[in-house]
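Colleague: give me a 3D structure for the following:
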Amino acid sequence: MTEVYTRRTLVALCTAIGAASCSSPNPVLYTVAPVPGPVRNGGPKVVALHEVNVAHYLDRSHIVRSSENYRLDVAGNDWWGESPGAMLTRVLVEELSQRLPHSTVYASGGAVSATPDATVELDIQRMDLDGAGILVLIAQVGVSFRTRPSDRVRRFRFDVRPSGASVSAQVAATSAAVGQLADGIAGMLVAPGAR
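Modeller: I've put the predicted structure just below:
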């Protein structure tokens, strides 16, 4: 009886140890942080930012470290805390609101809606490290105005050197690049001649 009990205890203990050793640690979650920028006057009264469209290779939980040499280098246990498109939309709404203090900026897919004076559409085409370890952000932005006759479309490229080789340094560089993108979008939104 004791031998059977000991054997069962040993089997249960080995099973528990095996299960614990097979489980992976919880992922480390990251987010892009808003970066302040120069304040601009002359922006539209109401600005709607459509949810940012992210290239499919970037649209994943795992952070893409690089897309060089025809392959994706993906961080194993380092994840975005939310979907990249939703994260960038949230951050850009905050950054544009800071840069255009006389404008109301909202995400068009959210709970808030209004008739916008300007609409911003944005495609992120690249947001990872190049072969030299530089963070490359490439985006295409379209701005359309309700009362102005012409739309504006512009391509942006920002290269930011991370402070180190870690994922957190890459995320900080990404935050800086997104802040530069917000500066560019704010410039597209202001009326010609406004400062």
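
Colleague: can you get me the start-to-end distance on stretch 59-67?
Modeller: Across its full length, stretch 59-67 reaches 13 Å end to end, with Cα to Cα, to the nearest Å as the criterion.

Colleague: please enumerate the strands of the protein.
Modeller: Counting by DSSP state E, the chain has strands at residues 28-30, 46-49, 53-54, 62-66, 73-80, 104-107, 118-129, 135-145, 152-160.

Colleague: what's in contact with the fourth one?
Modeller: Strand 62-66 is touched from outside by 30, 57-58, 72-76, 78-80, 127-131, 167, 170-171, with contacts defined as Cβ atoms under 8 Å, 6 or more residues apart in numbering. The C-beta positions use only the backbone N, C-alpha and C, and glycine is treated the same way.

Colleague: and the buried ones among those residues, selectable in ChimeraX?
Modeller: This is the ChimeraX syntax for the buried subset of the contacts of strand 62-66, where burial follows 16 or more other Cβ atoms under 10 Å:
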select :30,58,74,75,78,79,80,127,128,129,167,170,171
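
Colleague: tell me the confidence at residue 4?
Modeller: Residue 4 carries a pLDDT value of 49.

Colleague: should've said residue 14
Modeller: With respect to pLDDT, residue 14 scores 49.

Colleague: redo the strands of the chain as TSV? Include mean pLDDT.
Modeller: Shown next, in TSV, are the strands of the chain (pLDDT from 0 to 100):
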stretch	mean pLDDT
strand 28-30	96
strand 46-49	97
strand 53-54	98
strand 62-66	96
strand 73-80	92
strand 104-107	96
strand 118-129	97
strand 135-145	97
strand 152-160	96
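
Colleague: any chance of those in JSON lines with distance to residue 91 as columns?
Modeller: Formatted as JSON lines, the strands of the chain follow (distance: least, Cβ to Cβ, whole Å):
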{"stretch": "strand 28-30", "distance to residue 91": "12"}
{"stretch": "strand 46-49", "distance to residue 91": "10"}
{"stretch": "strand 53-54", "distance to residue 91": "13"}
{"stretch": "strand 62-66", "distance to residue 91": "15"}
{"stretch": "strand 73-80", "distance to residue 91": "12"}
{"stretch": "strand 104-107", "distance to residue 91": "11"}
{"stretch": "strand 118-129", "distance to residue 91": "12"}
{"stretch": "strand 135-145", "distance to residue 91": "13"}
{"stretch": "strand 152-160", "distance to residue 91": "15"}
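
Colleague: out of the ones you listed, which is the most enclosed?
Modeller: strand 46-49 (a mean of 23; mean count of other Cβ atoms under 10 Å).

Colleague: what packs against that one?
Modeller: Using 3 or more Cβ pairs under 8 Å, 6 or more residues apart in numbering; DSSP states H and E, the elements in contact with strand 46-49 are helix 84-99, strand 104-107, strand 118-129.

Colleague: turn the ones you listed into JSON lines, including distance to residue 142.
Modeller: JSON lines is the format used below for those (distance: least, Cβ to Cβ, whole Å):
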{"stretch": "helix 84-99", "distance to residue 142": "14"}
{"stretch": "strand 104-107", "distance to residue 142": "16"}
{"stretch": "strand 118-129", "distance to residue 142": "4"}
